[in-house]
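Undergrad: Quick one, structure for this:
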Amino acid sequence: MANAPAKKDEGGLLTAFPMLAIPVAVYNIVALFHMFGSDANSAYNGLSHVLFSVPMPSAGTKWLISTGDVVVFIGLIMLFFELLKSTRSDSVAIVNHSLSMVLFIICLVEFLLLRPFGTSTFFLLTTMTLLDVLAGFIVTIITARRDLEFG
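TA: As a prediction, this is how the structure comes out:
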């Protein structure tokens, strides 16, 4: 009888990387780039800058899309993929959960202590990182409990 081949971790570093770090990094770049502006609200103004507008069919209304809106949209897409990755229960998933927790702590500290990060946009990104951490740990616990009960 031959032993079954060992299941190796697929994806490695790419799977372990918390994808929500991408919109957080974009926010950090925009905020830090504008932080050294002439006024105290320069970082906020950089994120509220309207990139483009979309005409809406409702009585000539225009939907204004700002830099912060795009960052939140990218964050929502990354959160979706992070939630899909949280269903894995291999050792790479544990590394991903740990890195997501570190990212959440960094976001929380920035939100609480640094002026350019005290915005609704960054609060939403911080909330997304918290949801990623919670979903990852909850799914892992439920999966481990199911494996324990039926294993």
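Undergrad: Not counting its neighbours along the chain, what's nearest Gly75?
TA: Pro23 (3.9 Å; CB to CB, 6 or more residues apart in numbering). (Each C-beta comes from the backbone N, C-alpha and C, glycine too.)
Undergrad: Spit out the contact partners of the one you found.
TA: Residues in contact with Pro23 (CB atoms under 8 Å, 6 or more residues apart in numbering) are 71-72, 74-75, 78, 125.
Undergrad: Looking at those, which are in helices?
TA: In this view, these that belong to helices under DSSP state H are 71-72, 74-75, 78, 125.
Undergrad: can you give me the strands in the protein?
TA: Taking DSSP state E, the strands of the chain run over residues 50-55, 62-66.
Undergrad: which of those is buried the deepest?
TA: Across these, the average number of neighbours (mean count of other CB atoms under 10 Å) peaks for strand 62-66, which reaches a mean of 13.
Undergrad: Tally up the residues packed near Met101, please.
TA: Neighbour count of Met101, defined by other CB atoms under 10 Å: 17.
Undergrad: My guess is it contacts Asp132. True?
TA: No. The criterion here is CB atoms under 8 Å, and Met101 misses it with Asp132 at 9.1 Å.
Undergrad: Ser79 contacts Val133, doesn't it?
TA: Actually, residue 79 is Leu. It isn't Ser. No. Taking contacts as CB under 8 Å, Leu79 lies outside contact range of Val133: 11.3 Å.
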